[in-house]
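Enquirer: have a look at this prediction, sequence included:
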Amino acid sequence: MLSVSNIKKSFNHRSVLKNVSFSVKEGETVVIMGKNGAGKSTLLRIMARIMTCDGGEISFQNGNVLRGFPSTRKKILYLGHAPAMYTALSAVENLKLAMELRGITVNKSKIKNQLNQFGLMNQCDDPISIYSQGMLQRLKLTYAELAYWDLLLIDEPFSGLDKEGIDLMDNAINRWSVKGKSICMVLHDQKKAENYGDRILHLNNGIFLNT
């Protein structure tokens, strides 16, 4: 499904990623781990094509992600640390816009129903600028439930969540896995990595120690 080959990236002449290569099979969950600053988030952003790299190739469903048309990555959903949404807009407005940008028509009632599932109904029409980090994580989770994707790239999905939010995220990841969805996630917690990952890749000194 996804093939990452010899990805390189440097910042201010400091090499962060050095010939990083790995693959994700259909229905597989791959967990990326490593110390702070190891380049985990950078790698995910390159895979999502929101950051350029200095060299390498990425293929998704036989399409060239780095040099192909945007439609090549239509079935990839990236959820980073930040929600990447407009703070002045409400949760409903943001999700409706996000769906439209992905070419998906979703009515407000469906959006609100999904927000209700993740405990955001009471503030669904408020600007997300007032949302806590945990609420923003739930908002991203709602986005993932509404969008149509085959590969999810998700960075630290449990960050900022309370016990209820952790349970919601846990249920969602397990549900996606059962449906045969492919997931590539960054985690710091070894126990969680062992729980969710079909494979765990450790990024160290710009390369994977095991693939």
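Expert: Alright, I've got the coordinates. Note that the coordinates shown come from a computational prediction; the quantities given were computed from them, not determined experimentally.

Enquirer: packing partners of the longest helix seen in the chain?
Expert: Identified as the longest helix of the chain according to DSSP state H is helix 163-178. In terms of contacts (3 or more Cβ pairs under 8 Å, 6 or more residues apart in numbering; DSSP states H and E), helix 163-178 is packed against helix 133-146, strand 182-186. Using the backbone N, CA and C atoms, a C-beta is placed for each residue, glycine as well.

Enquirer: avg pLDDT for that helix?
Expert: In this model, helix 163-178 has a mean pLDDT of 94.

Enquirer: quick one on the thing from earlier: could you dump the helices and strands packed on helix 163-178 to JSON lines with distance to residue 10, mean neighbour count and mean pLDDT?
Expert: Formatted as JSON lines, those follow (distance: least, Cβ to Cβ, whole Å; neighbours: other Cβ atoms under 10 Å; pLDDT from 0 to 100):
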{"stretch": "helix 133-146", "distance to residue 10": "29", "mean neighbour count": "21", "mean pLDDT": "93"}
{"stretch": "strand 182-186", "distance to residue 10": "20", "mean neighbour count": "24", "mean pLDDT": "97"}
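
Enquirer: quick one: which of the ones you listed is nearest residue 62?
Expert: Smallest distance to residue 62 across the helices and strands packed on helix 163-178 (Cβ to Cβ): 14.4 Å, for strand 182-186.

Enquirer: just the mean pLDDT for the following helix or strand past the closest one, thanks.
Expert: Later in the chain than strand 182-186, the nearest helix or strand by DSSP states H and E is helix 190-196. Per-residue pLDDT over helix 190-196 has a mean of 95.

Enquirer: show me which positions of helix 190-196 end up buried.
Expert: 192, 193, 196 (16 or more other Cβ atoms under 10 Å).

Enquirer: closest one of those to residue 176?
Expert: residue 196 (10.2 Å).

Enquirer: care to break this structure down by domain?
Expert: Under the assignment automatic domain parsing, the domains of the chain span 1-75+149-211, 83-147.

Enquirer: can you list contacts of the one helix or strand residue 113 maps to?
Expert: Assigned by DSSP H and E, residue 113 belongs to helix 108-117. Applying Cβ atoms under 8 Å, 6 or more residues apart in numbering, the set of residues contacting helix 108-117 from outside is 91, 92, 95, 96, 99, 121, 124, 139, 142, 145, 146.

Enquirer: wait, the third one touches residue 106, no?
Expert: Yes. The pair residue 95 and residue 106 passes the contact test of Cβ atoms under 8 Å, sitting 7.5 Å apart.
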